[in-house]
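K.L.:
Sequence first, then the predicted structure:
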Amino acid sequence: MKRRTLITLFPLSLAIACSAQPRGETAQTAEDRYRLGSRAFEKGNFPETERQLDGLGKRLPALAERIDLKLALSRGQGQDWLKSYPQSFLIPDALSFLAVRKNPEAVNRLLQRYPDHPRTAAALELLLGAQPKNRQWLTHLMRFFPDNPRSKLAAKQLQSLGSLSPAEWEAVAIASKPQDADLAYQKAPINATNLLAHAAVLKMLGKKPEAANLLAQLVQTFPKDPLAFEAQLARADLLPSEGALTLLAATERQYPKRGDEAVWAAIQVWVRQRKQPSGAIDLDLHLVNKYPASEKAPNAAWELASNAANQGDLASAQKYARFILRQHPKDAFAPKAAFWSGKWSEQLGDTKTAKIQYASILQQYPHSYYAWRSAVHLGRANGDFNVGLASIPVKWDAPAAPIVGGSPALKALIALGEFDEALRQWRSETYGRSFRPAELLTEAFFQARFGRNMKAINLSARAIAVDPPKDPRSYAQTYPLFFAAPLRQWSADRGLNPLFVASLIRQESRFEPTIRSRSNAVGLMQLLPSTAKYIADKVKESAPYDLDKPDDNLRLGTAYLRYTHQKWDGDTLLATASYNAGPGNVARWVKQIPMTDLETFIEQIPFRETRSYVINIYENYWNYMQLYGVGLKTM
């Protein structure tokens, strides 16, 4: 694949924003004046704000509305600005400023029209600093901002005032930890929402019988409420498998419009609780036949296809695969169904149909693992799974993607490097509505900018799945190279392919440096403390380490990945499976499953988690190579 040199659009945005400048004044001067005026405004130095910003709107037209607001507030003309800009995204900024200056009208308007806006939260924190016993503000903060650190304190402050109303107890419950929430919900209004939330709290506390009783009360008291169905599913989750299956069958009959969800929950009882996926085959067939449009139907259809293939009935397997492609072509199971439909055609001797199928996968699902394998079958890519120790050139300085969603003001603020203010602008522009696909990429940009890498990757992946962008740089948000310096260093020191290491990190932690798993695996490469100690001793890494620190985690994680490669004589596929499931399990699978066809071997890995893990890492690598490597042929 040929690659073209692309440049970032941020300087262009800045040029547009600053295009109307008088002779003799440079763009840099306008930038500096905006920054200095904004800093002065934040510090309450209003004369300096006026000196820097006065007249600047003509020179930075994209920011004129923001400049006018700061000048108006500096001059005590906030109400006049509100009248002049009745539809502005910046109204919450103006109201927040006025509210904390004891303007009752602004406070009420802010709470009523923008109840869960970020500027409302900021204003409430300041207001409560001055009036910590204001019951209305305490209750509002807890109800609409339960994750705000100040809300936990608000719950205690409100209780200390005494004589709480049921509505206030409800707010306390929403903002409290499980133990306190349990007590608060007992005094909150009895409605479907609170009963379901209280049951969830009790489940977290290990009080399953009490939780089940509340869910039964919800169904009996509010049978027509939409949450009654959710309560039935939650009840089933608390029961032994036999009781759960009986309840879910009754739930399907009772709620026919959501019957597919009840059937899917029953399938999960077989898979997760009984650990007998084969026992769910009849339910899979029922789901596909009765609810073909259900979003769970592709998953059930794939189980039917896989089961038929394992029994040698390739015609039936293809029938279910084609059902997925026909009814749910955008589902996550579609690339898998398309690939195996082609491979089964090959096995039946129909190579022409197989090639057509493989070619269609490259067109429809070009970023999937199955696109790589299809390219291999068509002779367009290297099919070697052993890439972990490969030495490859990497484009570490690949250009960043431009901001697509958002106003000219947003892009101008980003170009100026005013990221905090840009985030406030973005939150106001998107308040009260869902993100469009291009806006998901912008939201992902901000999440990454402020260190929330998992959210950034997941949001951008959603955006690309819904509406694939034309600009290839946008895919770099989904497949980033965060922590590039230590990633590059330790991959080189261990003789590992850095893009494969990045692929593993993306699967393990989404590049979150301090993340913990349920099994207490830590950090970027998800090392168990015991594994870290073992590998540190084995490779004689005597220096102290902290697994929450990216450099230390990569130092030991790459050592362990190198070790798993050595364990399997450089076999990346088995090394990768071992990294997830442990060398002992992989050794057993190698004895049980033929390795003559590695595509089939992967699909037959007994652990679902490890099966998906291996596929996802190779899919990651396929995309990392296209973004930062030397193209498709290298695989």
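P.N.:
Yep, that arrived. Bear in mind the structure is a predicted one, so any value in this text is a computation, not a measurement.

K.L.:
where's the most centrally placed residue in the chain, which helix or strand?
P.N.:
Centroid-nearest residue in the chain: N458, 3.0 Å away (criterion: CA atoms, centre = their mean). Using DSSP states H and E, N458 sits within helix 453-466.

K.L.:
ok so, going back, give me the pLDDT for the residue nearest to the centre of the chain.
P.N.:
N458 is assigned 97 on the pLDDT scale.

K.L.:
Please give the element, helix or strand, for V107.
P.N.:
helix 104-113.

K.L.:
Would you mind writing the CA trace of that helix as CSV?
P.N.:
Taking Å, rounded to 0.1, in the frame of the first residue of the first chain, the C-alpha atoms of helix 104-113 are listed here in CSV:
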residue,chain,number,x,y,z
PRO,A,104,-30.0,34.3,42.2
GLU,A,105,-31.6,34.5,38.8
ALA,A,106,-28.4,33.1,37.2
VAL,A,107,-28.3,30.3,39.8
ASN,A,108,-31.9,29.2,39.1
ARG,A,109,-31.5,29.4,35.4
LEU,A,110,-28.4,27.4,35.5
LEU,A,111,-29.9,24.6,37.6
GLN,A,112,-33.1,24.4,35.7
ARG,A,113,-31.9,24.7,32.1
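
K.L.:
Flag the shaky bits of the chain, pLDDT-wise.
P.N.:
In the predicted model, the chain carries pLDDT under 70 at residues 1-28, 631-635.

K.L.:
Report all helices and strands that whichever helix in it runs longest contacts.
P.N.:
In the chain, taking DSSP state H as the definition, the longest helix is helix 608-628. Packed against helix 608-628, as judged by 3 or more CB pairs under 8 Å, 6 or more residues apart in numbering; DSSP states H and E, are the following elements: helix 369-377, helix 498-509, helix 572-581, helix 598-603. Every C-beta, even on glycine, is put in place using the N, C-alpha and C of the backbone.

K.L.:
of those helices, which approaches L111 most closely?
P.N.:
helix 498-509 (38.9 Å; CB to CB).

K.L.:
I'd like to know which elements the closest one is packed against.
P.N.:
helix 484-494, helix 550-567, helix 572-581, helix 608-628.

K.L.:
Run through who's touching the longest one.
P.N.:
Defining contact as CB atoms under 8 Å, 6 or more residues apart in numbering, one finds that helix 608-628 is touched by 1, 367-369, 371-372, 385, 387, 392, 394-396, 398, 472, 475-476, 478-479, 481, 499-500, 502-504, 506-507, 573, 576-577, 580-581, 585, 602-603, 605, 631-632, 634-635.

K.L.:
now it: how far from the chain's centre is it?
P.N.:
Helix 608-628 has its C-alpha centroid displaced from the chain centroid by 17 Å (CA atoms, centre = their mean, to the nearest Å).

K.L.:
just the shortest one next, same as before
P.N.:
Relative to its chain's centre, helix 572-581 lies at 25 Å (CA atoms, centre = their mean).

K.L.:
Hey, what's the angle from that helix to helix 498-509? Just curious.
P.N.:
30 degrees (axes from the mean of the first three to the mean of the last three CA atoms, to 10 degrees).

K.L.:
which parts of the helix or strand following helix 572-581 are buried?
P.N.:
Using DSSP H and E, the helix or strand that follows helix 572-581 towards the C-terminus is helix 583-592. If you call a residue buried by 16 or more other CB atoms under 10 Å, then helix 583-592 has these buried ones: P583, N585, V586, W589.

K.L.:
Can you tell me which helices and strands helix 583-592 packs against?
P.N.:
Applying 3+ CB pairs under 8 Å, 6+ apart, we find helix 583-592 packed against helix 572-581.

K.L.:
contacting residues around the helix it packs on?
P.N.:
385-389, 500, 504, 560-561, 564-565, 567-568, 585-586, 589-590, 598, 601-602, 605, 607, 609-610, 613-614, 617.

K.L.:
doesn't H198 fall inside a helix?
P.N.:
Yes: secondary structure assignment places H198 in a helix (DSSP: H, G, I helix; E, B strand; the rest coil).

K.L.:
gap between it and D331?
P.N.:
Distance, H198 to D331, by CB to CB, to the nearest Å: 35 Å.

K.L.:
Looking only at neighbour counts, state which of those two leads.
P.N.:
The residue with more neighbours, out of H198 and D331, is H198; 24 against 19, by other CB atoms under 10 Å.

K.L.:
and the spatially closest residue to D552 that is not a sequence neighbour, what element?
P.N.:
Distances taken as CB to CB, 6 or more residues apart in numbering place Y545 nearest to D552, at 4.0 Å, with adjacent residues excluded. Here Y545 sits in a region with no helix or strand, counting by DSSP H and E.

K.L.:
begin at 480 from here
P.N.:
All right, first residue 480 from here; so that's Y1024.

K.L.:
correct me, but Y1024 touches R1034?
P.N.:
Yes: taking CB atoms under 8 Å as the definition, Y1024 is a contact partner of R1034 at 6.8 Å.

K.L.:
Between these two, point out the one with more neighbours.
P.N.:
R1034 (24 against 17).

K.L.:
who's in contact with that one?
P.N.:
If you count contacts by CB under 8 Å, 6+ apart, then R1034 has P965, W969, E1020, Y1024 around it.

K.L.:
could you list every residue that touches the residue nearest to D1031?
P.N.:
So Y1024 contacts A1011, A1015, D1031, R1034, L1035 (CB under 8 Å, 6+ apart).

K.L.:
D763 too?
P.N.:
I746, A779, A780, E782, L783.

K.L.:
what's the spacing between the nearest residue to it once chain neighbours are set aside and F818?
P.N.:
Spatially, and ignoring its direct neighbours in sequence, D763 is nearest to A779 (4.0 Å; CB to CB, 6+ apart). For A779, the distance to F818 equals 19 Å [CB to CB].

K.L.:
Ok, L902 next?
P.N.:
41 Å.

K.L.:
Compare neighbour counts for the two and give me the winner.
P.N.:
For the pair L902 and F818, the greater number of neighbours falls to F818 (25 against 20), based on other CB under 10 Å.

K.L.:
Number of residues surrounding the nearest residue to the more buried one once chain neighbours are set aside?
P.N.:
For F818, ignoring the flanking residues on the chain, the nearest one in space by CB to CB, 6+ apart is Y849 at 3.8 Å. Around Y849 there are 24 other residues, counting by other CB under 10 Å.

K.L.:
Show the contacting residues for Y849.
P.N.:
P814, K815, A817, F818, I840 are the contacts of Y849 under CB under 8 Å, 6+ apart.

K.L.:
Confirm for me that the fourth one is in contact with S839.
P.N.:
No: here F818 does not reach S839: they are 10.1 Å apart, not a contact under CB under 8 Å.

K.L.:
just the buried members of the contacts of helix 1051-1060?
P.N.:
Buried among the contacts of helix 1051-1060 by 16+ other CB under 10 Å: 864-868, 979, 983, 1039-1040, 1043-1044, 1047, 1064-1065, 1068, 1080-1081, 1084, 1089, 1092-1093, 1096.

K.L.:
where along the stretch 480-629 of the chain do the helices fall?
P.N.:
489-496, 506-521, 525-532, 543-553, 557-563, 570-578, 583-592, 597-609, 614-623, 628-640 (DSSP state H, counting those that start in this stretch).

K.L.:
Could you do the stretch 730-879 of the chain as well?
P.N.:
738-747, 760-769, 776-789, 793-806, 813-826, 830-843, 848-856.

K.L.:
Quick check: the gap between A1056 and I746.
P.N.:
Distance from A1056 to I746, by CB to CB: 26 Å.

K.L.:
same question but for W1101, I mixed them up
P.N.:
Applying CB to CB to W1101 and I746 gives a distance of 30 Å.

K.L.:
how about the helices and strands packed on helix 977-988, which one is nearest G828?
P.N.:
helix 1087-1107 (26.8 Å).

K.L.:
Same question for that closest one: list its buried residues.
P.N.:
1089-1090, 1092-1094, 1096-1107.

K.L.:
What of stretch 575-583?
P.N.:
Buried, per 16+ other CB under 10 Å, within stretch 575-583: S575, F576, L577, A578, V579, N582.
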